[in-house]
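S.K.: sharing a model prediction with you, sequence too.
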Amino acid sequence: MLDNFEKLWRDALFEIEPNVSKANFSTWFKDTYISKYEDGVVTINVPNDFVKEWLSTKYYKFVISSLRNLNPSIRHADYLIVSRPPQTNQPEKKSYFKQQRNNEEQLGFQELNTDTEANLNPKYTFDSFVVASFNEVAHSAAAAVSKNIGNLYNPLFIYGGVGLGKTHLLQAIGNETKKNNPAVKVQYLTSEKFANDYVLSIQNKNIHIFKEKYRKYNLLIVDDIQFFSDKLKIQEEFFHVFNALYDGNNQIIFSSDKPPQYIVGLEDRLKSRFEGGMMVDISQPSLEERMAILRVKMQQRGYLISDEIIDFIAKNIKENIRELEGALNSVIGQSKIRGRVLGLVDVEEILKRKIKPVRVVTADSVIKIIANYYNMEEKKLNEKTRRQEIVKPRQIAMYLLRNDLNTSYPYIGRRLGQKDHTTAIHAYKKITHDIKNDKKLEQEINNIREMISKN
Ligand code: ADP
Ligand code: MG
């Protein structure tokens, strides 16, 4: 017999919570509750189809085993989508979200206290970071490193396109580390700041101070490392800093808009240092993921926006999360100014300026971007050779032309080295097959797609 659903779910969540990261827990389990139990089947109400999908696939095991521990007669869990308004004006009912809420309430206060020494902004935490499949690996690497700096993944290298959460994650590691251990010497900076510091110290003739300063950190976070490109003197100096920190078991973390091997004008010895640690990438959020991010951000701001409008924003703002946030801010701001709830027509009008007209992507531009991405001359893609560094980009080009642009095989063959259409078919099949087994390749291709879409 099962009558106290609330207690059952609360007990289950207590079991689930330690097995899931805090950010994941609040993203996926907030606003869920049990509504029914019949013939061994528990029905769990969830706020949207995105949560349903995650709970019924990724977290199914956790959910069902914790429920079964509590009541062995439970065989299966079903999910039911029930949208509910954000909880902003309602008293918090569920005690296990108390702490989360308090953290959010404190944000306003914390923002005044930006840690200027470490250069960390307290609003970038793991708690405020939404985790989904496009950033899941980067998030778990970041969370793991923040629990064990210097010993686990060193260096940690996070790459991905603009506005997708690299700085947020990097800062979250810094904040989390400081929170757990205030004595740890943390420094966050951009690669440009490092370069400027170096140049200034030369001008002021106090390079020794510079050298000492950077060698004393336990956690050094350098954002947007791609700006080291072609700055050889800076790279040399950084190489020494890196070695000194690394040899002392201190943690180093980087971000970049692309993986190290594709950063033009980056010294090989630095590349190999970067590649010697852990490399993780953040790819593009899907439509469903963009909708989920909007919902979380809307709830954080205590606003209610209709599904129709969320859907509209997510369908039209595809570039990145920064743009999504910007769109949401405009909508909320305008709603405040106009003093009323906005309809779809209002939102369309507000976002008109933000939405890019659909562009026509041509075969030429795709090929150009691929050559650029792999740092090679375009005409190399046409060369008769079996060298992998040429064959692979060419096959990717053939694949994208077919898959994304629907170009004919004979044209693809001709366009890329006067090849027969069977070569194009082979390339298409090969990459289609390889992507399924090679996560890195998939991410690489998604990075290229992102560049194409931004071109
Ligand atoms: P990047 O450094 O990759 O260009 P940022 O870290 O600056 O991107 O992210 C851009 C904006 O989007 C920031 O306001 C950040 O808080 C937000 N953002 C990015 N990813 C997430 C996420 N997964 N969850 C919540 N907010 C995010
Ligand atoms: Mg950034």
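M.R.: That came through, no problem. Ligands and ions are numbered 1, 2, ... in the order given.
S.K.: show me where the stretch 51-200 of the chain has its strands.
M.R.: Along the stretch 51-200 of the chain, counting by DSSP state E, counting those that start in this stretch, strands occupy 76-81, 156-160, 186-190.
S.K.: buried ones in the first one, by neighbour count?
M.R.: Looking back up the chat, that one is strand 76-81. Applying a neighbour-count criterion of 16 or more other Cβ atoms under 10 Å, one finds Ala77, Tyr79 buried in strand 76-81. Every residue, glycine included, has its C-beta placed from N, CA and C.
S.K.: hang on, the earlier thing: need the strands of the stretch 51-200 of the chain in CSV (columns: distance to Thr57 and mean pLDDT).
M.R.: Below are the strands of the stretch 51-200 of the chain laid out as CSV (distance: least, Cβ to Cβ, whole Å; pLDDT from 0 to 100):
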stretch, distance to Thr57, mean pLDDT
strand 76-81, 10, 90
strand 156-160, 24, 96
strand 186-190, 35, 96
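S.K.: can you say which of those strands is nearest to Arg338?
M.R.: strand 76-81 (30.6 Å; Cβ to Cβ).
S.K.: partner strands of that closest one and their direction?
M.R.: Paired neighbours of strand 76-81 in the sheet (DSSP bridges): strand 41-46 (parallel).
S.K.: stretch 273-289: which residues count as buried?
M.R.: Those would be 273-274, 277-285, 288-289, for stretch 273-289 by 16+ other Cβ under 10 Å.
S.K.: closest one of these to Asn48?
M.R.: Using Cβ to Cβ, those come closest to Asn48 at Glu288, 9.0 Å.
S.K.: pretty sure that closest one is in a helix, no?
M.R.: Yes. The assignment for Glu288 is a helix, going by DSSP: H, G, I helix; E, B strand; the rest coil.
S.K.: ok, and the closest non-adjacent residue to whichever residue of the stretch 51-200 of the chain sits closest to ligand 2?
M.R.: Nearest residue of the stretch 51-200 of the chain to ligand 2: Thr167, at 3.2 Å (Cβ to the ion). Spatial nearest neighbour of Thr167, excluding adjacent residues (Cβ to Cβ, 6 or more residues apart in numbering): Asp223 at 5.7 Å.
S.K.: next one: Gly161
M.R.: Counting by Cβ to Cβ, 6+ apart, the residue nearest Gly161 is Glu450, at 4.7 Å.
S.K.: show me the contacts for that neighbour.
M.R.: Gly161, Ser283, Gln284 (Cβ atoms under 8 Å, 6 or more residues apart in numbering).
S.K.: just checking, Glu24 touches Ala132?
M.R.: Careful, residue 24 is Asn; it's not Glu. No. Judged on Cβ atoms under 8 Å, Asn24 makes no contact with Ala132 at a distance of 9.4 Å.
S.K.: hey, where'd the helices end up in the stretch 151-300 of the chain?
M.R.: Using DSSP state H, counting those that start in this stretch, the helices found in the stretch 151-300 of the chain span residues 166-180, 191-203, 207-215, 232-247, 268-275, 287-300.
S.K.: looking at stretch 279-287 now, give me its mean pLDDT.
M.R.: Mean per-residue pLDDT for stretch 279-287: 93.
S.K.: can that stretch be said to contact ligand 2?
M.R.: No. Stretch 279-287 does not reach ligand 2 (Cβ under 5 Å from the ion); its nearest approach is 10.7 Å.
S.K.: with adjacent residues omitted, what lies nearest to Glu348?
M.R.: Phe312 (7.1 Å).
S.K.: can you check Arg290 too?
M.R.: Ala314 (4.0 Å).
S.K.: residue contacts, the one you found?
M.R.: Residues in contact with Ala314, defined by Cβ under 8 Å, 6+ apart, are Leu287, Arg290, Met291, Leu294, Leu324.
S.K.: hmm, try it at 6 Å
M.R.: When contacts are counted by Cβ atoms under 6 Å, 6 or more residues apart in numbering, Ala314 touches Leu287, Arg290, Met291, Leu294.
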